[in-house]
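>>> return a 3D structure for these sequence lines:
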Amino acid sequence: MNELMFQTCTQCLKESLFTSEPIYEGFKKVGETFRCTGCGAAQSKRKHDKTKADPLAALFGDDTQPEKIELFDVAAETAKLCRKCTHYVIHPFTQRCGLHDIVVLATDTCPQFEAKKEFDAKKA
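As a prediction, the model looks like this:
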């Protein structure tokens, strides 16, 4: 994609529009050159910078860290779901509650919830 800008040309000494043209080696971009649209002279070449600059670092400084944002705090809401209950039975065709003997979904809840005991694979 060509980038347009106004600059004074060193060849024709006129302020004219310059285009940015990418320079490729095979399919890899290695730099870009700026060409005057008036006379066609190449103004300067710029190497392609492989490291992406952080746009926020330019505004706030390099030492700033982005704030970690927690959108959802669902630990309390999901603590008593059927999938975390001792009586939850997974079957190839359905999911059942072993206590009430009914079909349930993993996201259902009930007042007789009992938390699963942690399974230790090393002891088994």
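
>>> out of everything not next to it in sequence, what's closest to residue 31?
Closest residue to residue 31 apart from its sequence neighbours, by C-beta to C-beta, 6 or more residues apart in numbering: residue 23 at 4.4 Å. (Glycine included, C-beta is placed from N, CA and C.)

>>> how many neighbours does that neighbour have?
14 (other C-beta atoms under 10 Å).

>>> so it, which state does it fall into?
strand (DSSP: H, G, I helix; E, B strand; the rest coil).

>>> and for residue 5?
Three-state assignment for residue 5 (three-state DSSP): strand.

>>> pairing partners for it in the sheet, please.
Following DSSP bridges, residue 5 is listed with bridge partners residue 18.

>>> check contacts around it.
Applying C-beta atoms under 8 Å, 6 or more residues apart in numbering to residue 5 gives the contacts 17-18, 20, 34.

>>> quickly list what residue 102 is bridged to.
Counting by DSSP bridges, residue 102 forms beta bridges with residue 97.

>>> count of residues packed around it?
If you count neighbours by other C-beta under 10 Å, residue 102 ends up with 10.

>>> then the one 5 residues further on?
Here the number of neighbours of residue 107 (other C-beta under 10 Å) works out to 9.

>>> quick one: residues contacting it.
Taking C-beta under 8 Å, 6+ apart as the criterion, residue 107 is in contact with 81-83.

>>> show me the shaky parts of the protein.
1-4, 44-56, 62-66, 119-124 (pLDDT under 70).

>>> how much space between the residue nearest to residue 31 and residue 38?
Applying C-beta to C-beta, to the nearest Å, the value for residue 23 to residue 38 is 21 Å.
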